[in-house]
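[1] Model the structure of this input:
(2 chains)
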Amino acid sequence: DAKTTQPPSMDCAEGRAANLPCNHSTISGNEYVYWYRQIHSQGPQYIIHGLKNNETNEMASLIITEDRKSSTLILPHATLRDTAVYYCIVRVRDNAGNMLTFGGGTRLMVKP
Amino acid sequence: NAGVTQTPKFRILKIGQSMTLQCAQDMNHNYMYWYRQDPGMGLKLIYYSVGAGITDKGEVPNGYNVSRSTTEDFPLRLELAAPSQTSVYFCASSFPDRPGLFFGEGSRLTVL
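    Next up is the predicted model:
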């Protein structure tokens, strides 16, 4: 699986958009980009995933660059409850299902 | 709908003791996983199962055993507990062909 690089921490003002970057320069053509978050010691929570195209759901938007070497998770209007560690994971969709490897992630602090 | 249920939530063991962490899911998921998370770190996969009667090792299986006799249950057995096994343990489940792992609330284990 391709390795990902994320900044260890970021701050965001409440109500503003939070843009969380992820580099995955060695990603291969059949690898998806997944985002999860972990709120204070709880189990991680799936947010969104994508292959090539930008994706949006009720939680966030995922922007993947044309060369697929990096992506950005966007929380359009961050709230205090979005304070969490955000994990960017790259993985093929194969028979191992969702066997994902979680690295260090980005600790997002949303401030009032 | 309970989702993924883990018991116990907290446990203190003495070195050399054994115990079983229980995990049950009621979503009829084929795949189940055990992860551990050390303080300030990401999650590491211990074991996973793609269906009843089938289990396989993840990244850090040493010191652990699993079984999968039913679709719903995936217990994790610790034999001869060691201080290095002090961690938070997360159980997760998923369908093989849909994105998204569903995590339990975690079991915090301390070995003294």
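
[2] okay, CA-based contacts and neighbour counts for the rest of this
    Noted.

[3] Is B:G58 in contact with B:S49, as I believe?
    No: using C-alpha atoms under 8 Å, B:G58 is not in contact with B:S49, being 9.9 Å away.

[4] So for those two, which residue has more residues nearby?
    B:S49 (24 against 18; other C-alpha atoms under 10 Å in any protein chain shown).

[5] Is residue 88 part of a helix or strand, or is it coil?
    Here I'm looking at chain A. Three-state call for A:C88 (DSSP: H, G, I helix; E, B strand; the rest coil): strand.

[6] what's the closest non-adjacent residue to it?
    A:W35 (4.8 Å; C-alpha to C-alpha, 6 or more residues apart in numbering or on different chains).

[7] give me the beta-bridge partners of the one you found?
    Beta-bridge partners for A:W35, by DSSP bridges, are A:I48, A:C88.

[8] center of the chain, which residue is that?
    You didn't pick a chain, so chain A it is. With distances taken as C-alpha atoms, centre = their mean, the residue of chain A nearest its centroid is A:W35 (3.3 Å).

[9] That was the other one, I meant chain B.
    B:W34 (3.1 Å).

[10] Return the distance of the residue nearest to the centre of chain A relative to B:G51.
    25 Å (C-alpha to C-alpha, to the nearest Å).

[11] helix/strand/coil for the nearest residue to B:K57 once chain neighbours are set aside?
    Leaving out its chain neighbours, the residue that sits closest to B:K57 by C-alpha to C-alpha, 6+ apart is B:Y47, at 4.6 Å. Classification of B:Y47 using three-state DSSP returns strand.

[12] Any idea how many residues pack against B:Y47?
    Using other C-alpha under 10 Å, B:Y47 is surrounded by 26 other residues.

[13] do you know how far whichever residue of chain B sits closest to chain A is from B:Y31?
    Nearest to chain A in chain B, going by C-alpha to the nearest C-alpha, is B:P96, at a distance of 4.3 Å. From B:P96 across to B:Y31, the span is 6 Å (C-alpha to C-alpha).

[14] These two: which is more packed in?
    A count of neighbours by other C-alpha under 10 Å puts B:Y31 above the other of B:P96 and B:Y31, at 25 against 20.

[15] quick one: that one and B:R98, what's the gap?
    B:Y31 is 11 Å from B:R98, by C-alpha to C-alpha.

[16] Let me see the confidence value for A:N98.
    We have a pLDDT of 60 for A:N98.
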